[in-house]
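K.L.:
here is a sequence with its predicted model. Questions after.
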Amino acid sequence: MTDGDVDGNAGLDGLIVPPLSRRGFVMTSLISGFTLAVTPVEAQVVHTDAAGIEAGEVQIPAADGPMPGYRAVPEGPGPFPLVLVVEEIFGVHEYIKDICRRLAKAGYCAVAPELYARQGDLSQMTDPKLIIRDVISKTPDAQWIGDLDATVAWATSAAKGDGARLGVMGWCRGGRAAWLYDAHRRDLKAAVAWYGPLGGDPTDIQPRSAGSVAAALNAPLLGLYGGGDTGIPVASAEAARDAANTAGKRVELVVYPDAPHGFHADYRPSYRKDAAEDGWRRALAFLKANGVG
């Protein structure tokens, strides 16, 4: 891989501000079970077994040490198309791990790095507001972007991932990441953003919003949003789509009229089965149609 594959585009250099912090990792392993910050609705939790796939926790070489993550991949020699799975604010817990297994069952090498491992121990945090204040808002965009790049390098060299068929899929804050990573990574083939926030005030360490990079996307992006999401106005998703398409990029937007934020999260009361299943079918079809498959 050359520097030209991953350099930021014009106007996006503010996202790329190395070197990374040398504070080290607070989390050295992943959450066991579900996040403590949400009481799961056990009756509706989707569980995907590991038959026919290899799945488990991994250590991903990052710039400042090993980063915990989860990988699921089909059995066999590969390489398999590679999908980066980007977590919500709650960490790589059982829901995110299960998503990786679902993707592996569909033929993908799916890897979810714990992108907040330096900023706080999400396995011990119970208050979403404190997670946002003390972890999410203090994680530099340059840091997690570098970690995703490191994940690609590791997955393609040691985990049966095919970097020539690279996609990214993220939920909630990870949906924001899907937009930003799409604007960063020139060899990305496709991105899927599940209800990713599009606005927000810029800071020194988070200088761009997802909406502000819409015209600089490198790969086609599918946005899956809820019409009942009180935190993300549908108008903001439509504006980002229009800005991208006006600039000659391609963003497809699907809005589920009555779905709230988090409608894919089967472990939470926000889960909406019909919207989640339809969105999943669309996401897989979008990846395949755009070279990740």
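P.N.:
That came through fine.
K.L.:
report the central residue of this structure.
P.N.:
With the centre of the chain defined as its mean C-alpha position, the nearest residue by Cα atoms, centre = their mean is Val86, 2.2 Å away.
K.L.:
just checking, it touches Trp179?
P.N.:
No: shown here, Val86 and Trp179 do not form a contact pair, counting by Cβ atoms under 8 Å, at 10.6 Å. In short, each C-beta sits where N, CA and C put it, glycine included.
K.L.:
what pairs with Ala112 across the strands?
P.N.:
Beta-bridge pairing of Ala112 under DSSP bridges involves Tyr70.
K.L.:
can you count the residues close to it?
P.N.:
30 (other Cβ atoms under 10 Å).
K.L.:
span of stretch 265-282 from start to end?
P.N.:
Separation of the first and last residues of stretch 265-282 by Cα to Cα, to the nearest Å is 16 Å.
K.L.:
would you indicate which residues of that stretch are buried?
P.N.:
Neighbour-count burial for stretch 265-282 flags 265-268, 270-272, 275-276, 279-280 (criterion: 16 or more other Cβ atoms under 10 Å).
K.L.:
same check on stretch 240-255?
P.N.:
Buried residues in stretch 240-255 (16+ other Cβ under 10 Å): 240-241, 243-244, 249, 251, 253, 255.
K.L.:
what does stretch 188-201 give?
P.N.:
Along stretch 188-201, the positions that meet the burial threshold by neighbour count (16+ other Cβ under 10 Å) are 188-198.
K.L.:
from those, pick the one nearest Gly65.
P.N.:
Distances from Gly65 to the buried residues of stretch 188-201, taken as Cβ to Cβ, are shortest for Leu188 (25.8 Å).
K.L.:
so how far is Gly293 from the closest one?
P.N.:
As for Leu188, its distance to Gly293 is 14 Å (criterion: Cβ to Cβ, to the nearest Å).
K.L.:
how about the buried residues of stretch 265-282 in a markdown table, adding pLDDT, secondary structure and distance to Asp204?
P.N.:
Putting those into a markdown table (pLDDT from 0 to 100; DSSP: H, G, I helix; E, B strand; the rest coil; distance: Cβ to Cβ, whole Å) gives the following:
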| residue | pLDDT | secondary structure | distance to Asp204 |
| --- | --- | --- | --- |
| Ala265 | 97 | coil | 31 |
| Asp266 | 97 | coil | 36 |
| Tyr267 | 96 | coil | 34 |
| Arg268 | 95 | coil | 32 |
| Ser270 | 96 | coil | 32 |
| Tyr271 | 97 | coil | 36 |
| Arg272 | 97 | coil | 37 |
| Ala275 | 98 | helix | 37 |
| Ala276 | 98 | helix | 36 |
| Gly279 | 98 | helix | 34 |
| Trp280 | 98 | helix | 37 |
